[in-house]
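Peer 1: Pasting the sequence and the predicted model now:
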Amino acid sequence: MSSSFRAPPVRSSDEIDLVELLKSVWHQKKLLLLVTLAVGFIAVCYAFLATPEYKVSAVLRPAAINELDALNRSEVYQLPPAEALLKVGEALESYDTRLAFFRANQNLFERFVRPGQTLEQSFEEFNRNSIHLSLPGADKKNASSAYIKLEMTYPKGIDGVAILNGFVDYAIVSERKQIAADLNVIVKNRLNELSGKFDSARSNYDMDKAAKIASLQEADSLKRAQLQDELKALRSQLKTVRSDRIAQLNEAIVIAKSLGIQKPTTPSSFGESLNTGAGSMMRTEVNNQQIPLYFMGAEALTAELTALQQRRSDDFTDPRIAQIAKELQLLASNREVEVLNARKNEDIFLAGVQPLRAEMSRLGSLNIDMTSLKLVTVDQLALEPLAPANPNRLLVVLLGLFGGVVLAIGIALLRYVILSSSSSAKEGMPGAPVPLLKTHARGDALTDRQEYSDLAAR
């Protein structure tokens, strides 16, 4: 028997004998066992020595409709339950809200603070790695199935339950305060708008009132001026009439004296007096012509002339003068203007402001208890976990063992390939022993493979 070992028959590069590979791996079972145990031991060490991490979660769902009824019935701020849930979700996801809670509760985050780091840097690490918000069901169209889930992972020694529940309460309170502030701003702006409309109505009223008073006073002034002009013209007319009457009387007196008429008479009587021979008789005179003034006689005419010359005013001779005096007296004070100026509460006379008053009164008396406003329903509070979420010791050990097996098989296959390549290289050298991979008879193949496997194992 030759001392040189022989190899199995050489096959083409694309031909693989799986049975031969499996036997080669199996003959290295000690190596497989050692590598698997080594990797498994590392996995066990990690599973039992790594710092355990715990996970807690809280679930929020939309509040009942009646919880937000007081706010929605105000007709100032509309907030459906699904939108309220989204607002709380935005607050939970807000960087400012998280940072404010971190600053306000530094005693809960002492383990997150690292030496040499600022408060903001420590918070950034916590915010990035420890807390996670998911909104898988926050849908406005289907509010009944909407929800928000907040999860937090934390190492042992930290009160994660207090942090998560406290943060949820803090976000809800913060959002409630924000809604209250928004409501106050909206109400204030609405009141300012209504007040502006009310002031505009009051200004229009004042302008209309002033215009009406000015119109009334202007009409009175015009009427007064017209009456005074009429009175002046009428007095001038009466004076002229009196002067004309005096002139007529003077002329009539001269005629009466020249005719010797001292007493009032008529033309017929005056003619009879001249005809003294006639008998006594009674005459009736019908005359549609005015009798000349001198027939009144000198005495009557002189008496009238004296009276006219002694007259100081002609106002009593025309009733129109008394009427004008009456109208001027009435125009001395306009009662309508006095009533307009004497108004104490002019707001009640404003037109079209009753709806504004009602809305201002309603907004002014609006009293919504925001402290009891329930934005969301806490469906699940964070509870103390019974076991750490990471690492999962059983899973880590199983994965370690599996990885060890895979690594060991890989090493075994690599050794097989290296040894096969080395044997092929030695076969081509002069004087080199015949490799086991070369065989002369098919019947010796199993024996040759066994010898190669023993050599590979050694």
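Peer 2: Nice, I can see it. Note that the coordinates shown come from a computational prediction; the quantities given were computed from them, not determined experimentally.
Peer 1: where do the strands sit along the chain?
Peer 2: 53-62, 131-134, 148-155, 376-380 (DSSP state E).
Peer 1: Using JSON lines, lay out these together with distance to residue 310.
Peer 2: Every residue, glycine included, has its C-beta placed from N, CA and C. What follows is the strands of the chain, written out as JSON lines (distance: least, Cβ to Cβ, whole Å):
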{"stretch": "strand 53-62", "distance to residue 310": "108"}
{"stretch": "strand 131-134", "distance to residue 310": "116"}
{"stretch": "strand 148-155", "distance to residue 310": "114"}
{"stretch": "strand 376-380", "distance to residue 310": "108"}
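Peer 1: weakest of these in terms of mean pLDDT?
Peer 2: Set side by side, the strands of the chain give their lowest mean pLDDT on strand 131-134, at a mean of 82.
Peer 1: List the strands paired with it, with their directions.
Peer 2: Note on strand 131-134: by DSSP bridges, its sheet partners are strand 148-155 (antiparallel).
Peer 1: Can you list the buried residues in the strand it pairs with?
Peer 2: Using 16 or more other Cβ atoms under 10 Å as the test for burial, strand 148-155 gives 148-154.
Peer 1: and that strand with strand 376-380, angle?
Peer 2: 50 degrees (axes from the mean of the first three to the mean of the last three Cα atoms, to 10 degrees).
Peer 1: How far does strand 148-155 sit from its chain's centre?
Peer 2: Put simply, strand 148-155 sits 33 Å off its chain's centre (Cα atoms, centre = their mean, to the nearest Å).
Peer 1: what does that strand rub up against?
Peer 2: 51-61, 85, 88-89, 92, 111, 129-138, 160, 163-164, 167-168, 376, 382, 389-390 (Cβ atoms under 8 Å, 6 or more residues apart in numbering).
Peer 1: out of those residues, which are buried?
Peer 2: 52-54, 56-61, 85, 88-89, 92, 130-131, 135, 137-138, 160, 163-164, 167-168, 376, 382.
Peer 1: re earlier: just give me the closest of the buried residues of strand 148-155 to residue 412.
Peer 2: Set against residue 412, the nearest of the buried residues of strand 148-155 by Cβ to Cβ is residue 153 (39.2 Å).
Peer 1: Distance of that closest one relative to residue 52?
Peer 2: Per Cβ to Cβ, to the nearest Å, residue 153 is found 11 Å from residue 52.
Peer 1: and what of residue 341?
Peer 2: Residue 341 is 88 Å from residue 52, by Cβ to Cβ.
Peer 1: for residue 332, same thing?
Peer 2: Residue 332 is 104 Å from residue 52, by Cβ to Cβ.
Peer 1: before we move on, what about residue 18?
Peer 2: Distance from residue 18 to residue 52, by Cβ to Cβ: 44 Å.
Peer 1: Leaving out the residues flanking it, which one is nearest to the spatially most central residue of the chain?
Peer 2: Central residue of the chain (Cα atoms, centre = their mean): residue 186, 6.1 Å from the mean position. Distances taken as Cβ to Cβ, 6 or more residues apart in numbering put residue 76 closest to residue 186, at 5.4 Å, once the chain neighbours are dropped.
Peer 1: Could you check the pLDDT of the residue nearest to the centre of the chain?
Peer 2: At residue 186, pLDDT is 91.
Peer 1: Assess the claim that it and residue 77 are in contact.
Peer 2: Yes - with contact defined as Cβ atoms under 8 Å, residue 186 reaches residue 77; the gap is 6.1 Å.
Peer 1: Rebuild the buried residues of strand 148-155 as a markdown table, extending it with distance to residue 394.
Peer 2: What follows is the buried residues of strand 148-155, written out as a markdown table (distance: Cβ to Cβ, whole Å):
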| residue | distance to residue 394 |
| --- | --- |
| 148 | 32 |
| 149 | 26 |
| 150 | 28 |
| 151 | 22 |
| 152 | 24 |
| 153 | 19 |
| 154 | 22 |
